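Colleague: Okay, predicted coordinates and the sequence, questions at the end:
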Amino acid sequence: MKTIIFFVIAYLLGSLQSGVWIGQLFYQKDIRKFGSGNTGTTNTFRVLGKKAGIVVLFLDILKGTLATSLPILFNLPVNPLWFGVAAILGHTFPVFGKFKGGKAVATSAGMLLAYSPLFFVYSASIFVILLFLTSMVSLSSMLSALIITLSTILLPLVLPVILPHQDWLLTALATGITIFIIYRHRDNIKRIKDGTESRVPFGLNKKKS
């Protein structure tokens with residue numbers, strides 16, 4: 001029963017819609033009515049600007065980190081990754097937002113931060129490099145998820161200092177999350193193919209001013 005209660009808490013943590021609340025409280029805007037309509041970090045940057053985007057990025061990562069840390073903090077006999085998944089589901093299907101949320105990239109990163117800080121730094125570095133190369137958050141997110149999933153298999157073999165042990169649950173969950181992230185970006189994939197996907201104002205393929 002204790003495990004179930006904390007699993008629900010992890011889901012509720014993920015359901016906290018910081019982008020929506022910050023937009024309504026400080027900008028008198030509902031980000032669900034602008035841009036892509038999503039409630040996550042990327043649309044917050046797009047609609048509310050850099051300051052709000054950075055705050056929401058931090059909070060979305062924090063949700064995943066806190067949720068994944070629950071079984072460690074309260075000595076629960078469950079792999080912490082499952083609680084990270086609960087937060088990801090909460091972020092994507094939030095009970096506080098009629099089950100319409102973000103795309104789970106930042107919250108997934110928060111799960112990795114709690115699981116292995118060094119692997120989180122490795123994963124974040126991959127995303128930053130890809131973002132510089134593509135100037136597209138959506139494409140960078142999908143490619144990063146694929147590379148990170150492969151890395152859960154390869155790093156224990158070739159670079160164990162980053163990921164010392166093979167954790168097949170991590171690989172399985174990373175695979176599922178990657179498929180889920182790609183599915184959530186299906187509209188972005190169409191725009192990438194059409195050449196109309198939004199670009200950030202930096203990197204090798206930045207948007208023209």
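Modeller: Cool, got the structure.
Colleague: Apart from its neighbours in sequence, what residue is nearest the most centrally placed residue in the chain?
Modeller: For the chain, the residue nearest the mean C-alpha position is Val105 (1.9 Å; C-alpha atoms, centre = their mean). Using C-beta to C-beta, 6 or more residues apart in numbering and skipping the chain neighbours, the partner closest in space to Val105 is Ser141 (4.7 Å). For every residue, glycine as well, the C-beta is placed using N, CA and C.
Colleague: Count the residues that sit near the one you found.
Modeller: Residue neighbour count, defined by other C-beta atoms under 10 Å, stands at 26 for Ser141.
Colleague: Please verify my assumption that the residue nearest to the centre of the chain contacts Gly40.
Modeller: Yes: counting by C-beta atoms under 8 Å, Gly40 is a contact partner of Val105 at 7.3 Å.
Colleague: does the closest residue to Lys2 other than its chain neighbours count as helix, strand or coil?
Modeller: The shortest distance from Lys2 to any non-neighbouring residue, by C-beta to C-beta, 6+ apart, is to Leu76 (6.8 Å). Following DSSP: H, G, I helix; E, B strand; the rest coil, Leu76 is assigned to coil.
Colleague: what's the following helix or strand after the lowest-mean-pLDDT helix or strand in the chain?
Modeller: Across the helices and strands of the chain, mean pLDDT, DSSP states H and E gives its lowest value to helix 41-48, namely a mean of 92. As assigned by DSSP states H and E, the chain's next helix or strand after helix 41-48 is helix 50-73.
Colleague: Which strands or helices does that next one pack on?
Modeller: helix 2-15, helix 18-26, helix 41-48, helix 80-92, helix 105-115 (3 or more C-beta pairs under 8 Å, 6 or more residues apart in numbering; DSSP states H and E).
Colleague: Same list as before, those helices that is, but in TSV and with distance to Ile181 included.
Modeller: Below are the helices and strands packed on helix 50-73 laid out as TSV (distance: least, C-beta to C-beta, whole Å):
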stretch	distance to Ile181
helix 2-15	15
helix 18-26	18
helix 41-48	12
helix 80-92	10
helix 105-115	6
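Colleague: Can you tell me which of those is nearest to Leu169?
Modeller: helix 80-92 (5.9 Å; C-beta to C-beta).
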